[in-house]
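S.K.: Have a look at this fold, sequence not included:
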């Protein structure tokens, strides 16, 4: 059998600790409406993935940032000290790692690892061979949940507090030496953002595979991909 997972990632203003719980499909919109009552809600991504039983599936939404790590070689009699740089990459965005396991009774146990990485700046070293490395803000969570076929799992608590300072001044007067500071002022605002992830696992076997494929084909056609039959290959699944 195969497990398909619909994933919706959204951000909203909230103040809860890390949590995970399940809800029926009919309650999905109710949860989204409840989150919107706490603050502004925006959907970051809504991918769909498929994997085999006990096989890892990874969703990555973001960009790979490149930075260089110096590797210094010791000086020898013939050659002085040398510095070479190795290329390292870090994903700026969201990585969701899911391993589903189907129990004999049809329940789906999922090991879910979530990582959110944001680049907040750069730090430059001193010396002749100066180089820059990124300053990263990382939020992670690990959850093991048990769900029924078609049941939506909600994972939250990945919070971030952000402070912003807005400096303003009176035109011309703010540029006057010595007294210009009297015409400057600043406003500091603080906002809290929480990432909420909703996963809906489904067990696909036999006719369910073809049904899902046809549904996705129709969805893409409605989005304007009229030549889907020529460009989209029907995958072969183990049944």
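M.R.: Right, received. Where do you want to start? These numbers come from a predicted model, not from an experiment.

S.K.: Count the neighbours of residue 88 for me.
M.R.: 12 (other CB atoms under 10 Å). Yep, even glycine has a C-beta here, placed from its N, CA and C like the rest.

S.K.: OK, contacts around it?
M.R.: Counting by CB atoms under 8 Å, 6 or more residues apart in numbering, residue 88 touches 66, 67, 68, 69.

S.K.: who wins for most neighbours among the residues you listed?
M.R.: If you count neighbours using other CB under 10 Å, the busiest of these is residue 67, which has 16 neighbours.

S.K.: which intervals of this protein have sub-threshold pLDDT?
M.R.: The model of the chain has pLDDT under 70 over residues 1-32, 34-40, 72-83, 127-129, 225-239.

S.K.: Strands along that one, start to end?
M.R.: Secondary structure of the chain by DSSP state E: the strands cover 2-12, 19-23, 42-45, 48-52, 57-73, 82-102, 108-124, 132-147, 152-169, 184-204.

S.K.: Between those strands, which one is closest to residue 224.
M.R.: For those, proximity to residue 224 was assessed by CB to CB; strand 48-52 is nearest, at 18.1 Å.

S.K.: per-domain residue ranges of this structure.
M.R.: Following the assignment in automatic domain parsing, the chain carries domains at 2-72+85-162+190-203, 205-239.

S.K.: Dump the ones you listed to a markdown table, plus distance to residue 169.
M.R.: Formatted as a markdown table, the domains of the chain follow (distance: least, CB to CB, whole Å):
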| stretch | distance to residue 169 |
| --- | --- |
| domain 2-72+85-162+190-203 | 22 |
| domain 205-239 | 48 |
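
S.K.: tell me the most buried of the ones you listed?
M.R.: Most buried of the domains of the chain, by mean neighbour count (mean count of other CB atoms under 10 Å): domain 2-72+85-162+190-203, with a mean of 15.

S.K.: Need the residue closest to the centroid of this protein.
M.R.: Central residue of the chain (CA atoms, centre = their mean): residue 94, 1.8 Å from the mean position.

S.K.: For residue 220, which of the strands of the chain is the nearest?
M.R.: strand 48-52 (11.3 Å).
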